[in-house]
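Asks: Quick one, structure for this:
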Amino acid sequence: MASHRRSPNHRLRLLVTEARLTHEALARHVNRLAALRGQPTRYDRTSVAHWLAGTRPRSFTVELLCHALSERLGRPVTPFDAGFQAAPAHDGGTAPDAVARLGDLAGAEADPRLRAAARAVLFRPGAPVPAGPADRAAADGPHEPADLALEIRSMRDTAAFCAFHLDAFGGGYTRTVLAGYLSDVATPWLRRRGEEPGHRVLFAGAAQLAHLLAQSAADMGAEGQAQQAHEISLALAAHAGDRRLYAIGLRALSGQALRLGAPASALRLAETAAETVPRTASPGTHAYVLTQCALGQAMSGLPRTAVRTLLRAERWLERADSVAGPFTHYAHADFAYQQAQVLRALGESAPALRAYELSLREREAHRNRTRVLTLAGTAELLLAQGRLDEACALWHRCLDEAPRVHSQQVTQRLAGIRQELRPYRRSPAVAELWSRVISGAERSTGADGGRSGRPQWSHDRPSDDGRRTGSPA
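Replies: Residues are numbered from 1 along each chain as shown. Okay, here's the model as predicted:
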């Protein structure tokens, strides 16, 4: 039955659990499909146990197994999804295809007449991703020819500028800026000079910008648009021969899948990212990829594996330098936040709280968006521990900083305060905060009917004598 053995098949186990199938029931499904094809099989629960333990069945059985799981789950399940393939088999297309898709996506976002439709694209669960770089020797990215120095500098400066503003003010400020640059500047360069010697460095630069466009779209809740931009970024990174950028893109798609409630896909993508990132990549890149693996494992019921992976990430981070860069540096504040998320998923509230607090202490002053999200996570954990006054104080800080940020993720997180506080709304400690949350929600759906998507939380808080303090809204 088996051609070789390997480590336990976590991906298959997650799918079987999601499908709510016993081992016996899954074996019956496979046998039924085999009989329909005129090639009867006699698998039973022990056969399934062997597959879960890491035994690979013959290709015909893998096909039947994926068919059975697809029927049960109501979505396509590929051999890769089920843990029977080392990498996605999907081809990202030619370089001109990727450039054309980039031009279409960025152009639609940059055009006010097409923008609404571009942002309304639906997210596709389980969508295949473009194949990775074929040249494994090109681990550190492409060579940089001197005659492209100005273009390279322009792309890098734009990426650094937009990464800063995304973290400081949210995706609402960076999405259209990135789209305009990609549509009017980067895409014409790729079309005009993309086939020249040394062209791959331009694809790497465009991949970074498309990645930031995806992150900006996701921050504004346009998950389908974000998925498209991530797929284009992956295709561009593959054409650039840059395995490091490709792994970073897979890690981002994993985060999106986890955010949208697809832990099996999230774990698959994170593990593939960890397998893809070259050994010569920066220690920060290794830590960045591994922390997402750890979170996927924690959310998928693999606590011991998650802890081991988190420790591996921490060891990599200890070796990282302090050189800043949106695609090379992994800030300690970001690591601590992801560590808190992993520990929280594992039910370890006290160490998770310490990690959140460390993230807040280490976070740079300009990083408003991520600080608000970290404050919200810390407040939620404090409330779960019964520390109501401390939680309210942090939520007040969230509301103080929110007006500076144009981020749907932040807006949704702050709207959740209302649900968190509902059981305590009659408490004197909650009264002021409850009033701010309610008034902020009313302003968000007020004069413009909520169309702007902008947070409407007020800076103002009552002082002890009842006067308003703080800057005007």
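
Asks: What helix or strand is Trp51 located in?
Replies: Remark: Trp51 resides in helix 45-53, with elements defined by DSSP states H and E.

Asks: now swap in Gln412 and tell me
Replies: With DSSP H and E as criterion, Gln412 is part of helix 408-421.

Asks: between the next helix or strand after that helix and helix 408-421, how big is the angle?
Replies: Next along the chain after helix 408-421, taking DSSP H and E as the criterion, comes helix 428-444. Relative orientation of helix 428-444 versus helix 408-421 (axes from the mean of the first three to the mean of the last three C-alpha atoms, to 10 degrees): 140 degrees.

Asks: Can you work out which other helices and strands pack against helix 428-444?
Replies: helix 388-401, helix 408-421, strand 461-462 (3 or more C-beta pairs under 8 Å, 6 or more residues apart in numbering; DSSP states H and E). C-beta here means a position set from N, CA and C on the backbone, and glycine is covered the same way.

Asks: To Pro188, which of these lies closest?
Replies: helix 408-421 (30.7 Å; C-beta to C-beta).

Asks: Does anything pack onto the helix or strand hosting Leu310? Which helices or strands?
Replies: Leu310 is part of helix 303-318 when elements are defined by DSSP H and E. In terms of contacts (3+ C-beta pairs under 8 Å, 6+ apart), helix 303-318 is packed against helix 283-299, helix 332-345.

Asks: now, of these, which is deepest in the fold?
Replies: Highest mean neighbour count of the helices and strands packed on helix 303-318: helix 283-299, a mean of 26 (counted as mean count of other C-beta atoms under 10 Å).

Asks: for that helix, the distance to its chain's centre please.
Replies: Relative to the centre of its chain, helix 283-299 is centred 11 Å away, using C-alpha atoms, centre = their mean, to the nearest Å.

Asks: Please apply the same query to stretch 7-25.
Replies: Averaging C-alpha positions (C-alpha atoms, centre = their mean) puts stretch 7-25 24 Å from its chain's average.

Asks: and Ala108, how many neighbours?
Replies: A count of neighbours around Ala108, defined by other C-beta atoms under 10 Å, yields 20.

Asks: Which pLDDT value belongs to it?
Replies: pLDDT, Ala108: 92.

Asks: ok, now which ones touch it?
Replies: The contact partners of Ala108, taken as C-beta atoms under 8 Å, 6 or more residues apart in numbering, are 114-115, 117-118, 179.

Asks: ok, now Ala120?
Replies: Going by C-beta under 8 Å, 6+ apart, Ala120 touches 222, 224.

Asks: got it, and the one 5 residues further on?
Replies: Applying C-beta under 8 Å, 6+ apart, we find Pro125 in contact with 75, 260, 262, 265.

Asks: Does Cys162 touch Thr176 like I think?
Replies: No. Cys162 lies out of contact with Thr176 (C-beta atoms under 8 Å); the separation is 10.7 Å.

Asks: Comparing those two, which residue is more hemmed in?
Replies: Comparing Cys162 with Thr176 by other C-beta under 10 Å, the one with more neighbours is Cys162, at 24 against 18.

Asks: Name all residues that make contact with the more buried one.
Replies: Contact analysis of Cys162 by C-beta under 8 Å, 6+ apart lists 174, 177-178, 209, 212, 216.

Asks: Of the residues you listed, which is the nearest to Gln339?
Replies: Within those, distances to Gln339 taken as C-beta to C-beta reach their minimum at Leu212, with 24.1 Å.

Asks: Once you drop chain neighbours, what's closest to the closest one?
Replies: Spatially, and ignoring its direct neighbours in sequence, Leu212 is nearest to Cys162 (5.1 Å; C-beta to C-beta, 6 or more residues apart in numbering).

Asks: what helix or strand is the one you found on?
Replies: Using DSSP H and E, Cys162 falls in helix 149-169.

Asks: Show the pLDDT at Asp97.
Replies: pLDDT, Asp97: 85.

Asks: And it, how far from Ala238?
Replies: For Asp97, the distance to Ala238 equals 12 Å [C-beta to C-beta, to the nearest Å].

Asks: more crowded one of the two?
Replies: Using other C-beta under 10 Å, the more surrounded residue of Asp97 and Ala238 is Ala238, with 27 against 15.

Asks: got a list of what the closest residue to the more buried one other than its chain neighbours touches?
Replies: Closest residue to Ala238 apart from its sequence neighbours, by C-beta to C-beta, 6+ apart: Pro133 at 4.9 Å. Residues in contact with Pro133 (C-beta under 8 Å, 6+ apart) are 237-238, 240-243, 246.

Asks: Just the ones of those residues in helices?
Replies: Under the assignment DSSP state H, these contribute 237-238, 240, 243, 246 to helices.

Asks: Out of those residues, flag the one nearest to Leu317.
Replies: Nearest to Leu317 among the ones in helices among the contacts of Pro133, with distances taken as C-beta to C-beta, is Arg243, at 20.2 Å.

Asks: My guess is that closest one contacts Gly132. True?
Replies: Yes. At 6.7 Å, Arg243 counts as touching Gly132 under the criterion of C-beta under 8 Å.

Asks: what's the domain layout of this protein?
Replies: As recorded under automatic domain parsing, the domains making up the chain are 10-73, 91-241, 265-366, 382-473.

Asks: rewinding a little: and the helix holding Trp51, what does it pack onto?
Replies: Helices and strands touching helix 45-53, by 3+ C-beta pairs under 8 Å, 6+ apart, are helix 10-19, helix 23-36.

Asks: packing partners for the first one?
Replies: Packing partners of helix 10-19 (3+ C-beta pairs under 8 Å, 6+ apart): helix 23-36, helix 45-53, helix 59-73, helix 263-276.

Asks: Next, the angle from that helix to helix 23-36.
Replies: Interaxial angle, helix 10-19 versus helix 23-36 (the same axes, to 10 degrees): 100 degrees.

Asks: contacting residues around helix 10-19?
Replies: Residues outside helix 10-19 that contact it (C-beta under 8 Å, 6+ apart): 23, 26, 48, 51-52, 65, 69, 72-73, 77, 81-84, 263-264, 267-268, 297, 300-302, 305.

Asks: at 7 Å what do you get?
Replies: The contact list for helix 10-19 (C-beta atoms under 7 Å, 6 or more residues apart in numbering) reads 26, 51-52, 69, 72-73, 77, 81-83, 263-264, 267-268, 300, 302.

Asks: How about stretch 35-52?
Replies: The contact list for stretch 35-52 (C-beta under 7 Å, 6+ apart) reads 1-2, 8-9, 12-13, 23-24, 26-27, 30-31, 34, 57, 60.

Asks: where are the low-confidence patches of the stretch 301-450 of the chain?
Replies: By pLDDT under 70, the low-scoring segments of the stretch 301-450 of the chain are 322-324, 440-450.

Asks: can the contacts of Cys162 go into a markdown table with extra columns for distance to Gln419?
Replies: Shown next, in a markdown table, are the contacts of Cys162 (distance: C-beta to C-beta, whole Å):
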| residue | distance to Gln419 |
| --- | --- |
| Thr174 | 29 |
| Val177 | 33 |
| Leu178 | 33 |
| Leu209 | 37 |
| Leu212 | 31 |
| Ser216 | 27 |
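
Asks: out of these, who's nearest Arg319?
Replies: Leu212 (26.2 Å).
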